[in-house]
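# Got a predicted model here, sequence first, then my questions.
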Amino acid sequence: MPRDTGGDADVLTALRSATATEHEQVESTLGLMDPHLGRDRLVAVLVRLHAFWVAAEAGLDAWASRHPADAAGVSWARRRRAHLFADDLRALGAGTGVAAHPELPAVEDTDQALGRLYVLEGATLGGTFIARHLATLPTLGPGVRLGAFSPYGAETGAMWHAYRRVTRARVADGGDAARLVQAARTTFGSLASWCTPQKDPVLLTPRTLGASLGTGPAA
């Protein structure tokens, strides 16, 4: 992780570098690009991701209530998608109740909110590839299409660009880049820990590793 994320260093580059280890850990665990991905494993992964998004969004909702202008500036209301994971679980005939969820730190300010959003929004980039792959799997059954991995459709690039613009502007206007980066790293670490195979035996199922959740180009 870079020691100095201020000065001329680009905050998006710092974010990508600082979370690389946790990113790789999540990718190696989920294995959503496995061509032989079974329904049980897919449901197990969705259950973990749904619970994580519920917890992550709760912290961001609390931040948004205190900083409504900043939340509107990054289009927070449009970026919520825990409900889409719930919809996908229902489409697969699985329960959507969240019996347990990870304990995430409170989001104290906009720097920390943007750090958390880096993880959630970055996942939409790799998610477009996941969505296309899942649509080809016979295990889903006829007519089943999942929406949580590609919530913006054709606007995915534009939504990511808007997040990058807001984040860079925040740092340029005096935001704390190191605090923002640390929040992203903490969020990604919590996601990696929450998705470890020890949390759910189904996740121990052998699979082919491949692209999973991604954060895309930093620049």
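Okay, I see it.
# Run through the neighbouring helices and strands of the helix or strand of the chain with the lowest mean pLDDT.
For the chain, the helix or strand with the lowest mean confidence is helix 20-30, at a mean of 82 (criterion: mean pLDDT, DSSP states H and E). For helix 20-30, the elements it packs on are helix 177-194, judged by 3 or more CB pairs under 8 Å, 6 or more residues apart in numbering; DSSP states H and E. (Glycine included, C-beta is placed from N, CA and C.)
# sorry, back to before: which of the residues in the least confident helix or strand of the chain are buried?
Across helix 20-30, burial judged by 16 or more other CB atoms under 10 Å covers 22-23, 25-27, 29-30.
# again, but for stretch 125-132
So, applying 16+ other CB under 10 Å, buried residues of stretch 125-132: 125-131.
# Ok, stretch 184-192 next?
So stretch 184-192, judged by 16+ other CB under 10 Å, has buried residues 184-192.
# Ok, stretch 92-107 next?
Here stretch 92-107 shows 92, 94, 98, 101-102, 104, 107 as buried, counting by 16+ other CB under 10 Å.
# Can you lay out the residues you listed as JSON lines showing secondary structure and distance to residue 117?
Converted to JSON lines, the buried residues of stretch 92-107 look like this (DSSP: H, G, I helix; E, B strand; the rest coil; distance: CB to CB, whole Å):
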{"residue": "92", "secondary structure": "coil", "distance to residue 117": "27"}
{"residue": "94", "secondary structure": "coil", "distance to residue 117": "27"}
{"residue": "98", "secondary structure": "coil", "distance to residue 117": "21"}
{"residue": "101", "secondary structure": "coil", "distance to residue 117": "18"}
{"residue": "102", "secondary structure": "coil", "distance to residue 117": "17"}
{"residue": "104", "secondary structure": "coil", "distance to residue 117": "13"}
{"residue": "107", "secondary structure": "coil", "distance to residue 117": "10"}
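# Pick the one among those closest to residue 62.
Nearest to residue 62 among the buried residues of stretch 92-107: residue 107, at 6.5 Å, using CB to CB.
# didn't residue 135 look like it was pressed against residue 142?
No - Residue 135 is beyond contact range of residue 142, at 11.7 Å (criterion: CB atoms under 8 Å).
# out of the two, which sits in the more crowded spot?
residue 135 (12 against 5; other CB atoms under 10 Å).
# Now do the more buried one, the pLDDT please.
Looking at residue 135, its pLDDT is 85.
# need the contact list for it.
Shown in contact with residue 135 (CB atoms under 8 Å, 6 or more residues apart in numbering): 145-146.
# Quick check: which ranges of this structure have low pLDDT?
1-9, 98-99, 197-219 (pLDDT under 70).
# again, only using 90
1-9, 20-42, 44, 91-101, 122-146, 192-193, 195-219 (pLDDT under 90).
# Please enumerate the helices of the chain.
Ranges of helices in the chain, per DSSP state H, are 11-18, 20-30, 39-66, 68-73, 76-79, 82-91, 110-134, 156-172, 177-194.
# Sounds good, over and out.
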